[in-house]
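Sharing a model prediction with you, sequence too.
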Amino acid sequence: MEENNNFLFEIIENDLKNGAVEKVHTRFPPEPNGYLHIGHIKAIYINYTAAKQYGGEFNLRYDDTNPTKEDVEYVDSIYNDLKWLIGKDPDHVCYGSDYFGKCYEFAVKLIKEGKAYVCDLNEKEINEYRGTLTEPGRESPYRNRSMEENLALFEKMKSGELPDGACTLRAKIDMSSPNINMRDPIIYRILHRAHHRSGDEWCIYPLYDFAHPIQDAMEGITHSMCSIEFENHRPLYDWVIDNIGFEKKPHQYEFAKLFITNTVLSKRNLKKLIDNGTADGWDDPRMPTVSGLRRRGYTPSALFDFVRRAGVAKNFSIVDCALLEHCIREELNETAPRRVCVLRPVRVVVDNYPEDKVEYFELPNNPKDETAGTRSVAFTRELYIDSEDFSLDPPPKFFRLKPEGEVRLMGAYIVKFRKADLAPDGSVECVHVTADLESGCGNPADGRKVKGTIHWVSASECEDVTVNVYDYMFKIENTRAIPEGQTLDDYYNPDSKQTLEHCKAEKALASAEAGERFQFVRCGYFCKDTKNANTFNRIVELKDSKPF
RNA sequence: AGGGAUGUAGCCAAGUGGUUAAGGCACAGGACUUUGACUCCUGCAUCGCUGGUUCGAGCCCAGCUAUCCCUGCCA
């Protein structure tokens, strides 16, 4: 793994060096309103790695200040996904709702200092008063209420006497600010809605811009790193910190969100795919969610490596999905044991091999890594090879089994084509070959070269397995918007999931544990399905798209 | 259009005034190969545009241009 370095880490390093900060403290603050996806991994990578690398602390904090959108289902899934990613339970788990009491106290403080007021304007009026991008806003007629009146009204908001939307608490800042976020932003709203944690305790809830800086300050966060769309909110973030008067001030820094080519990441669209049945769920291996990627066979280290390599900067950018695939291939190439699985079997009979003989060959688990050991693979007179590895009418440069051809059975004998039995429909039923028994699994005694090597499995010493082949589901041209008149479904291939039954695998494979990853020789990388014990998900296709 | 941010190769991305502009992915050649995989070599940019400052600029200044974000009682 390469070193972690980017402009945010440099900021932290400098703060540590010049004593601005004693110990770094970061947080990952998802709103529990959906499942974590690969975009979140970037935020986790930045915040978690920064804390880890510089000997600091890291909080998982649920930003749960809007009960209309949030649910415990998401709280749980986020926890599990994060735990899987960082390989342990997070040290500190916090909730925005833990600070509802504090937020309320601070709001009262601001009112007492004349820095916040209760505004009776309705939603439409607030919009009108806000002005536009080019015109300043106008001050609310309620802006200059007395402190006592504001206090009384805020108390009324809190006590539940007022219906939703009756009024709001606003920070008194500057209605003519060119930054619209500073035009007396709403910091509290009335919401008669049960919260998944605090229940009916509150009927007023703080808004993000007010709650977030408070949460950061209360937790002693030093570096609050978020995505770039919050850049415009930073002056407000600082305003809240300054006006509440926190001594240790957290600082917000922004980085560009992660986008990936041909991939949708918006919760709205992901949910649509599930609702209309295109995807089987949030953990469908075609989904860009953490749980989907996990089932597909991605590892946390490959995922973090991807984010690191994609880079952390402020440019708007869309990373090539080839980089994501490269990262998992690179890791699995070193770690995944090789196994043979014949996806579309064709029977092969070695005519000159004794009928009842069973011979075992030692095949390396990883040809590049001797420490990975070997396993015994049975060889018998009847075998299966992949239908793609045999052609009666081969194209040029076809190095596999063909009439008049000779080919190496990987790790075993060299065989020569003898004849093919065809079914009435012309398909190949069985191929007869003769083995060069003299050469054994070594090279031919006469020094001739055999170019092709194909994989095989003993017909009697193999297991029947089912393999799900998931293509990359990500098919969106523009990852950010779907053109007029088209729907998300138009972009997805209905055949993106194929189930191949009666694939023939080495015996050792069927007893593998769920989640175990393999490289199926010449067929791509596979992960034993974590849900269905007898199936394997194809997780990454081989890069090479040329025919074997 | 008011404000903020960003523009370095097909895609990311280092670079903070001074040798021939890091690195990765992708791509293209070639070597090797009992996975046509892997591995290994090789190739692949004058820095959005235009002026200016300077002995010297991707880095400084000015103007222009392109893209992204901001008018939720969402986060």
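Perfect, thanks for sending it. Residues are numbered from 1 along each chain as shown, chains lettered A, B, ... in the order given.

A:Leu169 contacts A:Ile186, correct?
Yes: assessed by CB atoms under 8 Å, A:Leu169 is found in contact with A:Ile186 at 7.1 Å. Bear in mind the C-beta positions are built from the backbone N, C-alpha and C, glycine included.

intersection of neighbour lists for these two?
A:Cys119 (CB atoms under 8 Å, 6 or more residues apart in numbering).

Looking at those two, which is more packed in?
Higher neighbour count among A:Leu169 and A:Ile186: A:Leu169, with 27 against 18, using other CB atoms under 10 Å.

does any bit of stretch A:238-257 sit next to RNA strand B?
Yes: using CB under 7 Å from any atom of the strand, we find that stretch A:238-257 touches RNA strand B at A:Ala256.

average pLDDT across that stretch?
The average pLDDT for stretch A:238-257 rounds to 98.

So what would you say the end-to-end distance of that stretch is?
22 Å (CA to CA, to the nearest Å).

Same check on stretch A:20-38?
Stretch A:20-38: ends 32 Å apart by CA to CA.

Tell me how far that stretch lies from the chain's centre.
Centroid separation between stretch A:20-38 and its chain, computed with CA atoms, centre = their mean, to the nearest Å, is 16 Å.

May I see the buried residues of that stretch?
Going by neighbour count (16 or more other CB atoms under 10 Å), the buried part of stretch A:20-38 is A:21, A:24-38.

for stretch A:163-182, same thing?
Here stretch A:163-182 shows A:Cys167, A:Thr168, A:Leu169, A:Arg170, A:Ala171, A:Lys172, A:Ile173, A:Asp174, A:Met175, A:Ser177, A:Asn181, A:Met182 as buried, counting by 16+ other CB under 10 Å.

With stretch A:64-80 instead?
In stretch A:64-80, the ones that count as buried by 16+ other CB under 10 Å are A:Asp64, A:Thr65, A:Asn66, A:Pro67, A:Glu70, A:Tyr74, A:Val75, A:Ser77, A:Ile78, A:Tyr79.

and which of the residues you listed is nearest to A:Gly281?
Closest approach between the buried residues of stretch A:64-80 and A:Gly281, by CB to CB: A:Ser77, at 10.9 Å.

Next up, the contacts around the closest one.
Counted by CB under 8 Å, 6+ apart, A:Ser77 has contacts A:Tyr35, A:Leu36, A:Trp282, A:Ser291.

quick revisit: what about RNA strand B: which of the buried residues of stretch A:64-80 touch it?
Among those, the ones lying near RNA strand B by CB under 7 Å from any atom of the strand are A:Thr65, A:Asn66.

Mark which of the buried residues of stretch A:64-80 are part of helices, please.
A:Tyr74, A:Val75, A:Ser77, A:Ile78, A:Tyr79 (DSSP state H).

got a list of what the fourth one touches?
For A:Ile78, the contacting residues are A:Pro30, A:Pro32, A:Tyr35, A:Leu36, A:Leu60, A:Tyr62, by CB under 8 Å, 6+ apart.

and with 7 Å instead?
By CB atoms under 7 Å, 6 or more residues apart in numbering, the contact list for A:Ile78 reads A:Pro30, A:Pro32, A:Leu36.

before we move on, the earlier item: in strands, which of the buried residues of stretch A:20-38 fall?
Cross-referencing the buried residues of stretch A:20-38 against strands under DSSP state E gives A:His25, A:Thr26, A:Arg27, A:Phe28.

The third one and A:Ala194, how far apart?
In this case it means A:Arg27. 26 Å (CB to CB, to the nearest Å).

How about the second one?
Spatial separation of A:Thr26 from A:Ala194 under the definition CB to CB is 31 Å.

swap in the first one?
Separation of A:His25 from A:Ala194 (CB to CB): 32 Å.

Ok, the last one next?
Distance, A:Phe28 to A:Ala194, using CB to CB: 26 Å.

One more: A:Lys451?
70 Å.

What of A:Phe58?
Taken as CB to CB, the span from A:Phe58 to A:Ala194 is 30 Å.

Of the two, which one has the most company?
Ranked by neighbour count (other CB under 10 Å), A:Phe58 and A:Ala194 place A:Phe58 first, with 22 against 13.

Now the more buried one: which helix or strand?
If you go by DSSP states H and E, A:Phe58 is part of strand A:57-62.

Please determine whether that strand lies in contact with RNA strand B.
No: if you take CB under 7 Å from any atom of the strand as the test, strand A:57-62 misses RNA strand B, and the best it gets is 8.9 Å.

ditto for stretch A:414-424
No: Stretch A:414-424 does not reach RNA strand B (CB under 7 Å from any atom of the strand); its nearest approach is 8.1 Å.

from the middle of its chain, how far away would that stretch be?
46 Å.

Now do the buried residues in it.
For stretch A:414-424, by 16+ other CB under 10 Å, it's A:Ile414, A:Val415, A:Lys416, A:Phe417, A:Ala420.

quick one: which of those is nearest A:Tyr129?
Closest to A:Tyr129, out of all of those and judged by CB to CB, is A:Ala420, at 82.6 Å.

Let me know how buried A:Arg448 is, in neighbour terms.
Neighbours of A:Arg448 using other CB under 10 Å come to 11.

cool, and the one 3 residues further on?
For A:Lys451, the number of neighbouring residues by other CB under 10 Å comes to 11.

ok, now how distant is it from RNA strand B?
7 Å (CB to the nearest atom of the strand, to the nearest Å).

just A:Phe246 next, same as before
Taking CB to the nearest atom of the strand, one finds A:Phe246 at 19 Å from RNA strand B.

Same question for A:Pro213.
To RNA strand B, A:Pro213 is 12 Å away according to CB to the nearest atom of the strand.

Quick check: pLDDT value at A:Arg268.
The model's pLDDT for A:Arg268 equals 87.

Touching stretch A:451-466 from outside, list them.
A:340-342, A:347, A:358, A:378-380, A:382-385, A:389, A:399-401, A:407-410, A:499-507, A:509-510, A:521-522, A:534-536.
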